[in-house]
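1. Task: produce atomic coordinates for the following.
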Amino acid sequence: MKTIDLFRNFRLMALLFSAIAIVSCSDDDDAPEEENDEETITDVTLVFTNTADANDVVRASAEDPDGEGVQELQVLDAITLSTDTEYTLTFEIENALDPNDVEDIAAEIAGEDDEHQFFFSFTEGVFSNPTGNGNVDTASDPINYNDEDSENQDGSGNPVGLSTSWTTSSTAFTGGTFVARLQHQPDIKSATTGAGDGDADFNLTFVLNIE
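-> Residues are numbered from 1 along each chain as shown. So this is what the prediction gives:
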């Protein structure tokens, strides 16, 4: 009888372990897939550098005043550019929640350039090149991107926008707008994706003056 009881105990233990294993596998299957989180960004600065004079630099910034709080990035400056001048636009983008460990988000975007693209819109006529009003509304509209993502190494990559070129109109203009929008597009970025695809890491509207 003791031998029979012993076998029964072993069978019960085996059944118990099998049940635990099945539940564990089921929990693993039900676990949600890891999501691609948007970047944490507290500071954005647009840097327009005159291509004919590297000392002529125009900076316009936006800042998140409450870090991880409910407020979004707030624009602090207007953009004032000279007439009939070519500029290169670059970005300084940071996560400064910890002032002792500031993260360079622009470098992260460069490292994940196949997942990000900048889109722009602006008051029509303020630039002679590119013409039009930007590519936020229509992705194929002209923007002078200076960089491509590294998805393809044969020079046929898709634009990123960490560096772009702009030539202002020869006519002065006051009170225009300039929108810089960064889209996070993991696993979907292509030659045809636009400003409405993916999630916006930021979408900033600046006052633009040409004088």
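
2. Go ahead and list the helix or strand containing the residue nearest the centre of the chain.
-> Of all residues in the chain, the one closest to the mean position by CA atoms, centre = their mean is residue 182, 3.9 Å from it. For residue 182, the host element (DSSP states H and E) is strand 173-184.

3. mind listing what's buried in that strand?
-> 173, 176, 178-184 (16 or more other CB atoms under 10 Å). Yep, even glycine has a C-beta here, placed from its N, CA and C like the rest.

4. Show me which of those is closest to residue 51.
-> residue 178 (18.0 Å; CB to CB).

5. Please convert the buried residues of strand 173-184 to TSV, extending it with pLDDT.
-> Listed next are the buried residues of strand 173-184 as TSV, based on pLDDT from 0 to 100:
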residue	pLDDT
173	96
176	98
178	98
179	98
180	98
181	98
182	98
183	97
184	97
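
6. Grab the two from those that are most spread out in space.
-> Farthest apart among the buried residues of strand 173-184 - using CB to CB - are 173 and 184, which lie 31.8 Å from each other.

7. Off-centre distance for stretch 54-73?
-> Averaging C-alpha positions (CA atoms, centre = their mean, to the nearest Å) puts stretch 54-73 15 Å from its chain's average.

8. got the buried residues for that stretch?
-> Buried, per 16+ other CB under 10 Å, within stretch 54-73: 58, 60-64, 73.

9. Sort those by pLDDT and name the bottom one.
-> Least confident of the buried residues of stretch 54-73 in the model: residue 64, at 92.

10. so that residue sits right up against residue 74, yeah?
-> Yes. Between residue 64 and residue 74 there is a contact under CB atoms under 8 Å: 7.3 Å.

11. phi, psi of residue 108?
-> Here is the backbone geometry of residue 108 (degrees, to the nearest 10): phi -70, psi -40.

12. Report the angle between the one helix or strand residue 62 maps to and strand 173-184.
-> Following DSSP H and E, one finds residue 62 within strand 57-63. Going by axes from the mean of the first three to the mean of the last three CA atoms, to 10 degrees, strand 57-63 is angled at 60 degrees with respect to strand 173-184.

13. Show me what strand 57-63 pairs with in its sheet, parallel or antiparallel.
-> Here strand 57-63 is paired, per DSSP bridges, with strand 43-50 (antiparallel), strand 74-75 (antiparallel).

14. re earlier: neighbouring strands for the next helix or strand after the strand holding residue 182, and are they parallel or not?
-> With elements assigned by DSSP H and E, the helix or strand that comes after strand 173-184 is strand 199-210. Strand 199-210 sits in its sheet next to strand 79-81 (parallel), strand 173-184 (antiparallel), going by DSSP bridges.
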